[in-house]
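1. Compute the structure for the input listed below.
(2 chains)
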Amino acid sequence: MSFLKLEGVTKRFPGFLAVDHLNLDVEDGEFLVLLGPSGCGKTTTLRMVAGLEVQTKGRIILQDKDISDVPPERRDMAMVFQNLALYPHMTVFNNIAFYLQNIGTPKETIRKKVEQGAKTVGIEELLQRYPDQLSGGQRQRVALARALVRSPKVFLLDEPLSSLDAKLRAGMRSELKLLHKNLREAGEQKGTFIYVTHDQVEALTLGTRIALMNKGALVQLATPHDIYRRPRNLFASTFVGSPSMNLIEGLLEKADETAVFRFQNRRIIAGPAALTALGRAGCERIPAVLGIRPESLKVVSEEAVHSLEAGVITVEPLGQTLLMNLRIGECMLVALVNPDLQMKEGDSVNVVFQPEALHFFDPKTEENLMRSDP
Amino acid sequence: MTLFADSISGRKRRKQIFTLVGTLVVAAYILAPIAWVIVSSFQKEVALEERPPHFLPGPEILTLSHYGFIFTGNVPKDATIMIQAMYTMSGTFILPAIINSIIIALFVTLVNVVLGLPAGHAFARYRFYGNRPVFLLLLATRLLPAISIIIPMYILLQQFNLLDTKRALVGIYSAITLPFTIWILKAYFQNIPVEYEEAARMDGCGYFRTLLRVVIPLARPGIIAAAIFAFMTAYDEFVFATVLTHTMTSKTQTVVIAALAQGLSASRGLIAASAVVCLLPPVLLSLLLRKYVVQGLTARFL
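-> Numbers count the residues shown, from 1 in each chain, chains lettered A, B, ... in the order given. The predicted structure follows:
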């Protein structure tokens, strides 16, 4: 039985459908990331779970109880807002203690809990300050502590790191992950997180599962590994991963015991896995879009078996890796290669497409043709 | 003085001087009549009759006798019989009238805050059917000149036996001031990010607790500005007060001051002194809360 369940949840704003018939299961103690481009309905979904928006249709079920009509103050969920929303007229202590004060917790208990919460995020010495006397990172911690001391059923986080600069963001990301791990191991409170972001790096690093959304609908719900390795459709394949997956339009066809992908008078061995896709379609030849991640492209200087010749357009050293823009015929490709490779703009190189790294998509439905599940 | 600091370029300095001169001219235009009232209130009646007037009176024509009459009811002994006759009964009514005005204005302020706060909040925060039209209609009532409804209002109050009561004035002034109060508060609430209120909901606050613990503290400057505005409007109102009050149970300071100037002979000094005494409560109030008035009125409107 799932911990939190969204059943056919729909939100219609005047003149626009924000969330369309969303079904989602959240397990106890998991870190679910709602990922998607802006306007995909992820924040609206989070706000409906919080009770700040009321869904037009559908039910939200928490621990087997329909909470659709329960107001936000009685859902026992904590939320970290995008702009943090620390009360500017209260000290850090009162900010953190506010919930406990509202439910009438004894003063001594409040003091203990607040101090413990502040210690967890490392802001013990800031309790008497006001929010405007804090740095961005410190405010972030206060917002986290405010959620933590409540031991809520669910933690809701709406792009909490977006206000921080890149370096701080990476640091807070690791801390969040550690925090979730510790909560999980502490046991008394499972620590179920729902985290909204448009940043696929945050999603991949933090999530135990990712719910990828687009245009108000759920595209794929899977572990970060699966989302990355087995994107359900073209949208998933390009939204997750940076630089995004290379796509080539062409034909997938049967050739002896294997399948080959043809485009612009070139052919790539697609491997036996692609045969199942052909088999499912019941044709010898189908139009397809080939997808391959930049780091899966093998770039070599010497001609190799089944390699294709490519021209180097630009080379961008990124430190630990080298980003290469290549051209094969009319196709532009991006490859991430070993920075020690001595290649420069204008060189002619050879590219190897390893069959196991290939994805094939239906150009019409945009679905992944190689998915094993129905 | 920073105004003439060496670091400022000549052009900038000239601009500042113009600004200063302009400000002084406008200030003089507004303050000169008040200054003259204050100066006259301390002059003997005989001196006030003289032409040209004494803008900077010498000690020989200064007196506190006008204030003495207001606070004690003692007609100045040194004055001529004719001037003594100019001290009308109304002069001794100034203090009770000010108290009436303050009581009425305080109740109007209370009504404005208690009703205007949730109303302004609702207009600012909730999408409900008719939000915009109702709000505009509310503002449109401000366009109606008071004089046009005064006769029907008189008859209405007569029917309800409310003529010559403070309650009637409190009701009317509240109706006059509420639209503006709601407008100011709505604008102020809209400037406060809604997330604070949402965070309060998540932190276990219901509607009233959110209002009390988060909205009101954050909107304090706006609320104080709106309250002062309501107070001032009620304190200064004349037209309704003069028609709807008859005795000292409800006469306000504006009505009593006006009464001083009726008839052929009126003491200029007494009028001036009364005006100064009546000015004191609102002046003290705005000095006390000056910080909030500026903050509250400079919020972005509409």
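
2. which residues sit in contact with the residue of the stretch 151-300 of chain A found nearest chain B?
-> At 8.0 Å from chain B, A:L156 is the closest residue in the stretch 151-300 of chain A, using C-beta to the nearest C-beta. The way it works is simple: take the backbone N, C-alpha and C, and place the C-beta from them, glycine included. Neighbour list for A:L156: A:L46, A:V49, A:A50, A:M77, A:A78, A:M79, A:V80, A:I194 [criterion: C-beta atoms under 8 Å, 6 or more residues apart in numbering or on different chains].

3. mind listing what the fourth one touches?
-> I take that to be A:M77. A:V49, A:A50, A:G51, A:P152, A:K153, A:V154, A:F155, A:L156, B:M202.

4. Got the phi and psi for the third one?
-> Backbone torsions for A:G51, taken as degrees, to the nearest 10, come to phi 100, psi 0.

5. residues touching B:R209, list them.
-> A:N102, B:A200.

6. quick one on the thing from earlier: the residue of the stretch 151-300 of chain A closest to chain B belongs to a helix?
-> No - A:L156: not assigned to a helix; according to DSSP: H, G, I helix; E, B strand; the rest coil it is strand.

7. how far away is the nearest residue to it once chain neighbours are set aside from A:Y99?
-> Spatial nearest neighbour of A:L156, excluding adjacent residues (C-beta to C-beta, 6 or more residues apart in numbering or on different chains): A:M79 at 4.3 Å. From A:M79 over to A:Y99 the distance is 11 Å, taken as C-beta to C-beta, to the nearest Å.

8. and B:P76, that one's in a strand?
-> No - using three-state DSSP, the assignment for B:P76 is coil, not a strand.

9. and it, what does it touch?
-> B:T63, B:S65, B:G68, B:F69, B:I83, B:Q84, B:Y87.

10. circling back to that earlier point, tell me which of the contacts of A:L156 fall in helices.
-> Among the contacts of A:L156, DSSP state H puts A:L46, A:V49, A:A50 in helices.

11. ok, the first one to A:E53 distance?
-> To tie it back to what came earlier, the one meant is A:L46. In terms of C-beta to C-beta, A:L46 sits 9 Å off from A:E53.

12. Same check on B:A200?
-> From B:A200 over to A:E53 the distance is 16 Å, taken as C-beta to C-beta.

13. Same check on B:G222?
-> Counting by C-beta to C-beta - B:G222 and A:E53 are separated by 27 Å.

14. who has more neighbours, those two?
-> B:G222 (26 against 18; other C-beta atoms under 10 Å in any protein chain shown).

15. helix, strand or coil for the more buried one?
-> B:G222 ends up helix, using three-state DSSP.

16. who in chain B is up against chain A?
-> B:193, B:195-196, B:198-206, B:209, B:213-214, B:217-218 (C-beta under 8 Å from any C-beta of the partner chain).

17. which residues does B:F93 contact?
-> B:M248, B:K251, B:V256, B:A259.

18. Checking my notes, it in a helix, right?
-> Yes - counting by three-state DSSP, B:F93 is part of a helix.

19. and the gap between it and B:P76?
-> Applying C-beta to C-beta to B:F93 and B:P76 gives a distance of 18 Å.

20. B:T109 now?
-> 37 Å.

21. Next: A:G136.
-> Between A:G136 and B:P76 the computed distance is 70 Å (C-beta to C-beta).

22. and what of B:V170?
-> B:V170 is 37 Å from B:P76, by C-beta to C-beta.

23. Ok, A:S296 next?
-> 105 Å.

24. residues touching A:F98, list them.
-> A:Y87, A:M90, A:R146, B:A200, B:D203, B:R213.

25. before we move on, what about A:T365?
-> A:N233.

26. One more: A:G311?
-> By C-beta under 8 Å, 6+ apart, the residues touching A:G311 are A:L326, A:R327, A:I328, A:G346, A:D347, A:S348, A:V349.

27. Can I take it that it is in a strand?
-> Yes - membership of A:G311 in a strand is supported by three-state DSSP.

28. and which of the contacts of A:G311 is nearest chain B?
-> A:L326 (46.2 Å).

29. In contact with A:E330, which residues are there?
-> A:Q264 are the contacts of A:E330 under C-beta under 8 Å, 6+ apart.

30. Got the phi and psi for it?
-> phi -90, psi 0.

31. And it, what's its pLDDT?
-> A:E330 carries a pLDDT value of 87.

32. What count of nearby residues applies to A:K11?
-> If we define neighbours as other C-beta under 10 Å, then A:K11 has 22 of them.

33. thinking it is in contact with A:T44, fair?
-> Yes - counting by C-beta atoms under 8 Å, A:K11 sits close enough to A:T44 to count as a contact (5.3 Å).

34. Name the residues contacting each of the two.
-> A:A18, A:V19, A:E53.

35. all helices of the stretch 151-300 of chain A, in order?
-> Listed in chain order, the helices of the stretch 151-300 of chain A (DSSP state H, counting those that start in this stretch) span A:166-186, A:200-206, A:224-229, A:234-239, A:273-281.
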